[in-house]
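Trainee: I would like to see how this sequence folds:
(chains A, B and C)
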Amino acid sequence: MKKLVLGLAAATALAFAGGAQAQGYPTKPITMIVPFAAGGPTDIIARIVADNMSKTLGQQIVIENVAGAGGTTGITRAVTAAPDGYTIAMGHLGTFSAAPATYPGLKYDPINGMQTIGLAGGTPILIVARKSFEPKDLKEFVAYVKANTDKVNEAHAGLGSVSWTTCTLLKGILGTPKINAVAYRGTGPALNDLVSGQVDFMCDQIVSVAEQVRANTIKAYAIASAQRSPALPDVPTTKEAGLPDYQIEAWNGIAGPKGMPKEAVDKLVDALNKALNDEGTKKRLLDLGTVLPTAEERTPAGFAALIKRDADKLTPALSAAPKQ
Amino acid sequence: MSLNQIERAQGLRIRSTQDFAGGLFMILLAIGAYVFSWELPAGTLRQLGPGMLPKAFAAICGLLGLMLSLSALRYHGEKLAGWSWRGIFFALGGACLFGLTIRGFEFGPIRVPALGLMVAGPLLIFFSGLAADDRKLPELLIFAVAMSAACILLFKYALSLPIPLAPWLLGI
Amino acid sequence: MMETISHLSLGFGVALTLKNIALCFAGCLVGTLIGVLPGVGPIATISILLPITFGLDPTGALIMLAGIYYGAQYGGSTTAILVNIPGEATSVVTTLDGHQMAKQGRAGIALGIAAIGSFFAGCVATLIIAALGAPLTKMALLFGPAEYFSLMVMGLCFAVVLARGSILKAFCMIMLGLLFSTVGTDLETGQERLTFGVASLSDGIDFSVLAMGVFGFAEVLRNLENPEARDVVKAKIGRLLPGWEDIKQAAAPVLRGTFVGGILGILPGNGAVLGPFASYTMEKKIARDPSRFGKGAIEGVAGPESANNAGAQTAFIPLLTLGIPPNAVMALMVGAMTIHGIIPGPQVMTRNPELFWGMVASMWIGNLMLLVINLPLVGMWVKLLQVPYRLMFPAILIFCCIGIYSVNNQPLDVAFTALFGLFGYLLIKLGFEPAPMLLGFVLGKLMEEKLRQALIISRGSFYTFIDYQERPISLALLIVAVLVLAIALLPAISKKREEVFTE
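Mentor: Coordinates of the predicted model:
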């Protein structure tokens, strides 16, 4: 059997050898680990960006979905892989900034233990509520929640999810960490109960809630970004609506294991930039309600600074959250 | 004296070894689950804790196991049948081999390199194929190679799934 | 009524272009071929095939995806019948009588009746979506956590009826399934429960790992042990397609299954999963001779399979009208739509009418394709059973291993499946039936989630489940649950008394 296997292997090897040794990195397909199931928001952004990056790099970027433990399983695998530039990961706010405070036994250090590549896109966060919820605007909402802390119900998509992370931050800022939190398995079911009025409010990404807001089945108080979103131009920013401290975006970015060759990092940064400047890719990302990253955020250093900034912002609220 | 009365007169004894063992098995599982969820807080009614349902389910499992064992003392039923260790060893062993070799494995001092589908596939088919009592080695060898080749073509090339092929040889 | 017709004609105008018919056909064919591999369930099939739709225009891509979805569903039923491996929760029931029929040399008839029943259910469900999609949405919104909890309790009571033999043992399996469902990180506090520190278990036991283990691997072990049993399958291949007698026998179950499955499919909390179980319960209860069930009764295939397909289709209603995916497969469809720039929501119907109605029309075409593709294929599938078992089981194993590996790309999952295979073998030896365990497992997760949500919202009051003023639906469901349980238990208890020492 060995002979047969070796023969088969040799034949396949020959077929690949042709293009392989012509130039430097990359000489073989690159694996991009997406730490969530196929079809989710991070997976979609990864597939759109990787599609264009593959063209620039001249090698296929293969998406590998490794789901588990709020995305930390996949990131752990990526950042502990051989630092040869052939294993990278698309993580998000949760896996890079919030994870150390959420998961005490985390096996990687997002600040010092990995090589950042760059930010792929940000997604604004909205504070939304059931249609019949009494407060009319954000100011009333803040006052109402503070006055009725034990009456209000908040929905979130499970510990470690973007909606849990951002809502915990909101509750930290409001000084009402004890609001009843109703946990759901994913954004879909949580949204369903918000639409049907079983729960009062939640925080989530614009991609998930924009259609419902437009159809007037739920209402949006504010968007937690610096600017309004073209997808929902009528929704004020938290700054305009009177809660300037609540600034948070759910972003997705690429990183790899620490110690990757400089050539690989440079080529990946370049490919990411070209993808984000490509008209087709840009349009697909903008259609999702994504905010394109600034020039600074597209560099390894800029992305690392963003991770650090958001980690500092989230850690106090997340550490104080009732868990474990 | 009717048949029923004769039976009853013989008192309690294990009348169905299968049910009796099944009951014991449930009790063991329940005790295991209860012990391992011991540390988890049960919480209050207003805010159920993570330990409430595992403990409740384990308790019910144990109770049902007890009922099953007791009923085995009263009612007749199936007897326990023998095991086939060969099937377990080869078929399940083959699957484990596949899991260990497809991407490599590291557990303490044991290290298996990532061999990829090109090795793990034939290994699984050949090893598990040994479990059949009517096995024919040459046929199995050819089948192992042909089937693996078909799987590689189907999953790796036609469907482009991210399965390692032979990282030690081809780098993919 | 007029409106429905004009909508449908718009839809058929879109769907009946040569290109879209070809896409629908291709999707169904590829979906069936991949979905039929043991170990590759519908979720795996759709995620594997998702990338091939990327190059198409949105309408074409969605039509093809819908085709893949039906193909994968039907492919899953084929594996359940032929090799006794359910690819997902809804085909668990099909293994009970479907595989028994295959063992009796009636595999072709089982496959045929499944295809015909599914086609009928698909046609009815398409009409329901077209005519009643919008109003039915409101029903979905009536279900809060308390109603769902009661619905799950009712589902578990149905599971008792699945028992072949001892009801006590069926209870054991349901509770064991519930116990297994609690494994994994706690949703609210993030605490690890019964995971033994294993990373693969932190998100709980994967359905495919459990199902492939206790059904697929354990079945292989069982067959290896008694060569006579497996040779029966290849010895007899009776007629390939169902005759009039079979169709007459199956007609009423198909009708009832379509009705039950269609209704449950609309509920957004994965109500579709209950459809086949409910249908099976109903058929077994109203059958003149319930003891035939589990031994190859055609009603036990026809009813649940129709319910399965009706539910699979009406599950699109919450997605298309509310934009809320009711289960994992539909969540995947949302991802696919989003990639194509369509974000499902309440306004898809008005903003993209061609897409919406084109997709509805393509559902019917997809079901027709299934019939066209599968009736000729039945012969081929049945012939596959003639492959000597010494070669068939290694092939089953490698498909299972690759399928399980590719769900999460975690090699440890394969080892876990082997472990559950051993567990399943032990269950067989101890005379336990694994089907109720799987239902307990699927419903357990949702049940715990909904119980805790309901109690948080009601601030710890159990009254919320039987509050006849605020939550009449919840109360009604619990009453049905109690009735089902009583009907199932009473004859068993009285029969047991008579039979006590007669053996």
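
Trainee: which residues in the chain form helices?
Mentor: Defaulting to chain A. With DSSP state H, the ranges of helices along chain A come out as A:2-20, A:41-57, A:72-79, A:93, A:99-102, A:138-147, A:162-174, A:187-195, A:206-214, A:238-241, A:262-277, A:279-287, A:300-320.

Trainee: oops, chain B please
Mentor: Using DSSP H, the helices assigned to chain B run over residues B:3-9, B:17-36, B:52-74, B:85-87, B:93-102, B:117-129, B:137-151.

Trainee: which residue ranges of chain C form strands?
Mentor: For chain C, the strands defined by DSSP state E occupy C:184-185, C:192-193.

Trainee: in this structure C:N374 contacts C:Y74, no?
Mentor: Yes - judged on Cβ atoms under 8 Å, C:N374 makes contact with C:Y74 at a distance of 6.3 Å. Where you see a C-beta, it was placed from the backbone N, CA and C, and this is true even at glycine.

Trainee: ok, these two, which is more surrounded?
Mentor: Comparing C:N374 with C:Y74 by neighbour count (other Cβ atoms under 10 Å in any protein chain shown), the higher total belongs to C:Y74, at 31 against 27.

Trainee: weakest of the helices of chain A by average pLDDT?
Mentor: Note on these: helix A:2-20 shows the lowest mean pLDDT, a mean of 45.

Trainee: give me the below-cutoff pLDDT ranges for the stretch 401-503 of chain C.
Mentor: Counting by pLDDT under 70, the stretch 401-503 of chain C shows low-confidence ranges at C:491-503.

Trainee: around chain B, pick out the residues from it.
Mentor: Counting by Cβ under 8 Å from any Cβ of the partner chain, the stretch 401-503 of chain C comes close to chain B at C:401-402, C:405-406, C:409, C:411-415, C:417-418, C:421-422, C:425-426, C:429-432, C:444, C:448, C:451-452, C:455-456, C:459-462, C:496, C:500-503.

Trainee: residues contacting A:K151?
Mentor: Residues near A:K151 by Cβ atoms under 8 Å, 6 or more residues apart in numbering or on different chains: none.

Trainee: ok, 10 Å please
Mentor: Counting by Cβ atoms under 10 Å, 6 or more residues apart in numbering or on different chains, A:K151 makes contact with A:Y144, A:V145, A:I179, A:N180, A:D200, C:R459.

Trainee: equivalent analysis for A:T123, please.
Mentor: When contacts are counted by Cβ under 10 Å, 6+ apart, A:T123 touches A:41-42, A:45, A:92-93, A:162, A:204-208, A:225, A:229, A:249-252, A:285, A:288-291.

Trainee: and if you look at C:S166?
Mentor: Contacts for C:S166 were tallied using Cβ under 10 Å, 6+ apart; they are B:16, B:19, B:22, B:68, B:71, B:75, B:77, C:172, C:431-433, C:492, C:496.

Trainee: ok, of those residues, which come out buried?
Mentor: Those of the contacts of C:S166 that meet the buried threshold are B:S16, B:D19, B:G22, B:L68, B:S71, B:Y75, B:G77, C:C172, C:G431, C:F432, C:E433, by 16 or more other Cβ atoms under 10 Å in any protein chain shown.

Trainee: could you list the domains of chain B?
Mentor: B:3-74, B:85-158 (automatic domain parsing).

Trainee: wait, which of the contacts of C:S166 is closest to chain A?
Mentor: Nearest to chain A out of the contacts of C:S166 is C:C172 (Cβ to the nearest Cβ; 26.8 Å).

Trainee: so how far is A:L243 from the nearest residue to the closest one once chain neighbours are set aside?
Mentor: Closest residue to C:C172 apart from its sequence neighbours, by Cβ to Cβ, 6 or more residues apart in numbering or on different chains: B:L64 at 4.8 Å. For B:L64, the distance to A:L243 equals 53 Å [Cβ to Cβ, to the nearest Å].

Trainee: burial check on the residue nearest to C:I457 when sequence neighbours are not counted, number of neighbours?
Mentor: Excluding its sequence neighbours, the residue lying closest to C:I457 (Cβ to Cβ, 6+ apart) is A:N153, at 5.8 Å. When neighbours are defined as other Cβ under 10 Å, A:N153 has 20 of them.

Trainee: run through the residues that contact A:N153.
Mentor: A:130, A:179-182, A:193-194, A:198-202, C:453, C:456-457, C:459.

Trainee: do you know how far it is from chain B?
Mentor: Going from A:N153 to chain B by Cβ to the nearest Cβ, to the nearest Å gives 12 Å.

Trainee: quick revisit: what touches both of C:N374 and C:Y74?
Mentor: Shared contacts of C:N374 and C:Y74, defined by Cβ under 10 Å, 6+ apart, are found at C:C28, C:T32, C:V36, C:L111, C:A114, C:A115, C:S118, C:F119.

Trainee: need the residues of the stretch 301-450 of chain C near chain A, please.
Mentor: Within the stretch 301-450 of chain C, the residues that sit near chain A (Cβ under 10 Å from any Cβ of the partner chain) are C:318-319, C:322-348, C:350-351, C:406-410, C:445-446, C:449-450.

Trainee: circling back: read off the pLDDT value for the residue nearest to C:I457.
Mentor: At A:N153, pLDDT is 94.

Trainee: who does it bridge with?
Mentor: Beta-bridge partners for A:N153, by DSSP bridges, are A:N180.

Trainee: go on, A:H92?
Mentor: A:N252.

Trainee: need the max-distance pair from the buried ones among the contacts of C:S166.
Mentor: B:Y75 and C:E433 (18.0 Å; Cβ to Cβ).

Trainee: list the buried residues in the lengthiest helix in chain C.
Mentor: Looking across chain C with DSSP H, the single longest helix is helix C:107-141. For helix C:107-141, a neighbour-count test (16+ other Cβ under 10 Å) marks C:107-126, C:128-131, C:133, C:136-137, C:139-141 as buried.

Trainee: give the rounded mean pLDDT of it.
Mentor: Helix C:107-141 shows a mean pLDDT of 83 in the predicted model.

Trainee: quick one, it and helix A:187-195 angle?
Mentor: With axes from the mean of the first three to the mean of the last three Cα atoms, to 10 degrees applied, the angle from helix C:107-141 to helix A:187-195 works out at 40 degrees.

Trainee: pLDDT weak spots in chain C?
Mentor: By pLDDT under 70, the weakly predicted segments of chain C are C:1, C:133-134, C:136-137, C:139-140, C:162-164, C:227-238, C:268-270, C:347, C:491-503.

Trainee: tell me the pLDDT at the residue of chain B found nearest chain A?
Mentor: Nearest residue of chain B to chain A (Cβ to the nearest Cβ) works out as B:P162 at 4.1 Å. Looking at B:P162, its pLDDT stands at 82.

Trainee: tally of neighbours for it?
Mentor: Counted with other Cβ under 10 Å, residues neighbouring B:P162 total 18.

Trainee: next: the one 10 residues further on.
Mentor: Neighbour count for B:I172, taken as other Cβ under 10 Å: 20.

Trainee: which ones are touching B:A58?
Mentor: Going by Cβ under 10 Å, 6+ apart, the list of residues near B:A58 reads B:29-37, C:175-176, C:178-179, C:182, C:194.

Trainee: whichever of those residues end up buried, select them in PyMOL.
Mentor: Buried residues among these (16+ other Cβ under 10 Å), as a PyMOL selection:
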select buried, (chain B and resi 29+30+33+34+36+37) or (chain C and resi 175+176+178+179+182+194)
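
Trainee: among the contacts of B:A58, find me the one that's closest to C:G213.
Mentor: In terms of Cβ to Cβ, no member of the contacts of B:A58 lies closer to C:G213 than C:L176, at 13.5 Å.
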